[in-house]
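1. no sequence on this one, just coordinates:
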């Protein structure tokens, strides 16, 4: 490369790509949260669901998401980043919109004329049980399409990050696009209950249907931009030689040629030979379920334990504050760079040190339920802090993949870890639904709490220690930086 090219002012198109990943992840989490924010107030009374029904739906989503993640990474590697991402977001947007038809499908099956007739059924009657069962299966179908599509988001986003950023910047870039999860979760309580309430008052269905349609439609808008904006850095007209040299600095250091690795793939059999794969997968298994529990159950928690509805002013404010706190996670991806600059540590060692720091914050969840007796704001703030710690942890654990695996294997390994995280989420969501139903029915007692609060306290205790356990196992499997060479 000539001196002129090296000294040319570097373009910054990689951050435009990061912004696209951010918006995709924002839409991803908005779509995922429509159900949780309409469950207690709109959907549960219409279809006569229990917490067990809801737990089954969220658990099914999690396990199918997990299985799909295993193949999503391979699919993204096979299709290529541009086409693979389009397929993923297109499919999950279709799935999101499909939820709106679940009420109509239930009415057609049961012969009931409208949502008012569904709500008016006697609780516990044979027809109410039928409505609950039929509607649950209708939602499971829509949730299946959503899960399969959403499974492609993180493998594709991590692959784009590996393509557009050198190793030293990947955790920060990941923390920025991963903040889309927080922004999506932050926008959700402001927009979704408001949309559902507005259309309910307008007489458009029961309101929640239009929330699914409007939020689901955002993904199709994103697809239009992606078609024209994405190309690989070496092929993009927006990336000049100076920026390309910066992006490919690791390739030069490791003497890895893009032309050599372009067509290489890593099989599942080969991937599972490496301790690095198992370390990443176990870390995701232990911690992903914690975030998904908070995401799916917090609106129900503040409603069922404190009587605060998600569509109320206080409910919107509480959930908004909770996810505003998690926005602090954007700095979590920067911490390893600070550690590297001050200590000279390799990327993996710096990330593991940062992750250990983040692993201590969820311990505050041990105090969420006890302090809830003084004010519901205490558990909300604590969940927000735990959520920020999770997102910081997540940005760094994702980056350990691109630290240690060649680019052609990144999406595959990310998919394996995503599958493990989905299994953990399945267990905690299905277990929570059953636990809360039993706790309420039997007035279960635990550590001075009774009924549902006792059930929530048990789950909070599990969430509190999950990260430290995950970190210790990861560190024992991969104690030092050991990249997988081509």
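-> Here it is on my side, so go on. As the structure is a prediction and not an experimental result, all values here were calculated from the model.

2. contacts and neighbour counts: CA atoms only from here.
-> OK.

3. Show me where the stretch 151-300 of the chain dips below the pLDDT cut-off.
-> For the stretch 151-300 of the chain, the stretches flagged by pLDDT under 70 are 251-264.

4. Could you rerun that using 80?
-> Where the stretch 151-300 of the chain drops to pLDDT under 80, the residues are 167-168, 170-171, 175, 178-179, 181-182, 185-186, 205, 250-266, 295.

5. residue boundaries of the helices in it?
-> Along the stretch 151-300 of the chain, the stretches classed as helices by DSSP state H, counting those that start in this stretch are 153-164, 167-201, 208-229, 241-247, 249-254, 258-261, 268-271, 275-304.

6. Packing partners of the last one?
-> Helices and strands touching helix 275-304, by 3 or more Cα pairs under 8 Å, 6 or more residues apart in numbering; DSSP states H and E, are helix 13-38, helix 313-326, helix 377-404, helix 407-442, helix 452-477.

7. and residue 172, how far is that from residue 159?
-> Distance of residue 172 to residue 159, given as Cα to Cα, to the nearest Å: 15 Å.

8. My understanding was that residue 85 contacts residue 155; is that so?
-> No. Taking contacts as Cα atoms under 8 Å, residue 85 lies outside contact range of residue 155: 9.1 Å.

9. which of the two has more neighbours?
-> Applying other Cα atoms under 10 Å to residue 85 and residue 155 shows that residue 155 carries more neighbours, namely 33 against 27.

10. Take the helices and strands packed on helix 275-304 and write them to a markdown table, including distance to residue 202, mean neighbour count and mean pLDDT.
-> Converted to a markdown table, the helices and strands packed on helix 275-304 look like this (distance: least, Cα to Cα, whole Å; neighbours: other Cα atoms under 10 Å; pLDDT from 0 to 100):
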| stretch | distance to residue 202 | mean neighbour count | mean pLDDT |
| --- | --- | --- | --- |
| helix 13-38 | 17 | 24 | 90 |
| helix 313-326 | 20 | 20 | 86 |
| helix 377-404 | 32 | 25 | 88 |
| helix 407-442 | 33 | 25 | 86 |
| helix 452-477 | 34 | 20 | 94 |
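
11. of all those helices, which lies closest to residue 337?
-> helix 377-404 (10.9 Å; Cα to Cα).

12. Next, the angle helix 407-442 makes with that closest one.
-> Calculated by axes from the mean of the first three to the mean of the last three Cα atoms, to 10 degrees, helix 377-404 forms an angle of 160 degrees with helix 407-442.

13. sorry, back to before: name the residues contacting each of residue 85 and residue 155.
-> residue 76 (Cα atoms under 8 Å, 6 or more residues apart in numbering).

14. any idea how far residue 153 is from the residue lying closest to residue 473 once chain neighbours are set aside?
-> Nearest non-adjacent residue to residue 473, counting by Cα to Cα, 6 or more residues apart in numbering: residue 279, 7.0 Å away. From residue 279 across to residue 153, the span is 21 Å (Cα to Cα).

15. I'd like to know which of the helices of the stretch 151-300 of the chain is closest to residue 94.
-> Smallest distance to residue 94 across the helices of the stretch 151-300 of the chain (Cα to Cα): 7.1 Å, for helix 208-229.

16. buried stuff in that closest one?
-> Neighbour-count burial for helix 208-229 flags 208-213, 215-220, 222-223, 226, 229 (criterion: 16 or more other Cα atoms under 10 Å).

17. do you know how far residue 322 is from residue 230?
-> Residue 322 is 34 Å from residue 230, by Cα to Cα.

18. what sits against the closest residue to residue 189 other than its chain neighbours?
-> Leaving out its chain neighbours, the residue that sits closest to residue 189 by Cα to Cα, 6+ apart is residue 316, at 5.4 Å. Listed by Cα under 8 Å, 6+ apart, the contact set of residue 316 reads 189-190, 310.

19. quick one: which of these is nearest to residue 433?
-> Closest to residue 433, out of all of the contacts of residue 316 and judged by Cα to Cα, is residue 310, at 18.9 Å.

20. Can you tell me the SS state at that closest one?
-> Going by DSSP: H, G, I helix; E, B strand; the rest coil, the secondary structure assigned to residue 310 is coil.

21. Tell me which residues touch it, please.
-> Contacts here follow Cα under 8 Å, 6+ apart; on that basis residue 310 touches 37-38, 41, 189, 193, 299, 302-303, 316, 319.

22. Would you check that the residue nearest to residue 473 makes contact with residue 472?
-> No. Taking contacts as Cα under 8 Å, residue 279 lies outside contact range of residue 472: 9.8 Å.

23. joint contacts of these two?
-> Common contacts of residue 279 and residue 472, defined by Cα under 8 Å, 6+ apart, are absent altogether.

24. No more questions from me, cheers.
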